[in-house]
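Undergrad: Here is the input, now give the coordinates:
(chains A and B)
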Amino acid sequence: FRFKESLAEDLRKADLVISHAGAGSCLETLEKGKPLVVVINEKLMNNHQLELAKQLNRDGHVFCCNCSTLVETLQLMDLSTLKPFPPGQPEKFALFLDKVVGFQ
Amino acid sequence: TGGHTTEILRLLSCLSESYSPRHYIFADSDKMSEAKIRSFEQKRAETFSNSQFTLDRIPRSREVRQSWTSSVVTTLYSMLYSFPLTYKLKPDLILCNGPGTCVPVCIAALLLGLLGIKRAIIVYVESICRVETLSLSGKILYYLSDYFIVQWPDLKEKYPKSIYLGRIV
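TA: I've put the predicted structure just below:
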């Protein structure tokens, strides 16, 4: 398919996700707890999009590769080394904002 | 737009009902945000009885990678919309997270403050995608906002006046 309203259903059924480095794709996948291999195409992307993929890779949450190393990565990777991605904490933001605005 | 809307709705998810009414401003070219916002507010209305919100569109100030000079022109054009809208809404608090759309709104709010008409608190939360560098909106609003929040420690180091609360979306 070209575009779907939501990938939630497909994600739920997947055992492994191979994706481009778009932030939404990465985060949605990690939040569902699925192992993720990020394929980076430096020619196509805005430079800043790489920042998140690289950081997630450094933190051990995803594997990164490019188009030519994808097959090798899939063959050699050990999914058990991937670290789970803890959810963000909007409660902290709410607490902060309450103080700022004066709602205690 | 897209990712920004998802992030801002997550930021709103834990806010109490004191943050009401909520006025959402987004770009006229944005097709998907309205549906996401309505869905969020609908769910919210199931818990909180007196939920109030409005939706307003303004022209998009800048397309991705649009040139500098034309960006200034399109931003000024957006300001023709953002200024009367901000004047009408007279917000107490502005929460924004990075689309170009937020810049003309914040500038309008600052003007209203300078003119003694209404002083808004401006809180900017940089996107979770920004790990090492700030977006253009971020670079501008770092100096114009009252509170500037980043979600990765590298940015806190580079921008010392920013606030780091960890990942909040």
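
Undergrad: Buried by neighbour count: which residues of stretch B:123-131 qualify?
TA: B:123-131 (16 or more other C-beta atoms under 10 Å in any protein chain shown). Glycine gets a C-beta too; all of them are placed from N, C-alpha and C.

Undergrad: Please render the residues you listed as TSV that adds distance to chain A, pLDDT and secondary structure to the earlier fields.
TA: Putting the buried residues of stretch B:123-131 into TSV (distance: C-beta to the nearest C-beta, whole Å; pLDDT from 0 to 100; DSSP: H, G, I helix; E, B strand; the rest coil) gives the following:
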residue	distance to chain A	pLDDT	secondary structure
B:Val123	7	98	strand
B:Tyr124	12	98	strand
B:Val125	7	97	strand
B:Glu126	11	96	coil
B:Ser127	8	93	coil
B:Ile128	7	92	coil
B:Cys129	4	89	coil
B:Arg130	7	92	coil
B:Val131	4	93	coil
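
Undergrad: Please identify which pair of those lies farthest apart.
TA: Taking every pair in these and measuring C-beta to C-beta, the maximum separation is 20.5 Å, between B:Val123 and B:Val131.

Undergrad: List the contacts of the residue nearest the centre of chain A.
TA: With distances taken as C-alpha atoms, centre = their mean, chain A has A:Cys26 as the residue nearest its mean C-alpha position (2.2 Å). With contact set as C-beta atoms under 8 Å, 6 or more residues apart in numbering or on different chains, A:Cys26 has these partners: A:19, A:36, A:38, A:52-53, A:56, A:62.

Undergrad: Mind putting those into CSV with secondary structure, pLDDT and distance to chain B?
TA: Below are the contacts of A:Cys26 laid out as CSV (DSSP: H, G, I helix; E, B strand; the rest coil; pLDDT from 0 to 100; distance: C-beta to the nearest C-beta, whole Å):
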residue, secondary structure, pLDDT, distance to chain B
A:Ser19, strand, 87, 14
A:Leu36, strand, 94, 16
A:Val38, strand, 92, 13
A:Leu52, helix, 89, 5
A:Ala53, helix, 89, 9
A:Leu56, helix, 93, 9
A:Val62, coil, 95, 13
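
Undergrad: How far does stretch B:113-131 stretch from one end to the other?
TA: With C-alpha to C-alpha, to the nearest Å applied, stretch B:113-131 spans 32 Å between its terminal residues.

Undergrad: any idea how far that stretch is from the chain center?
TA: 7 Å (C-alpha atoms, centre = their mean, to the nearest Å).

Undergrad: go on, stretch B:126-139?
TA: 13 Å.

Undergrad: That one: end-to-end distance?
TA: 10 Å.

Undergrad: For burial, what's the neighbour tally of residue 40?
TA: Going with chain A. The local packing of A:Ile40 (other C-beta atoms under 10 Å in any protein chain shown) involves 19 other residues.

Undergrad: The intended chain is chain B.
TA: B:Phe40 - counted by other C-beta under 10 Å - has 20 other residues nearby.
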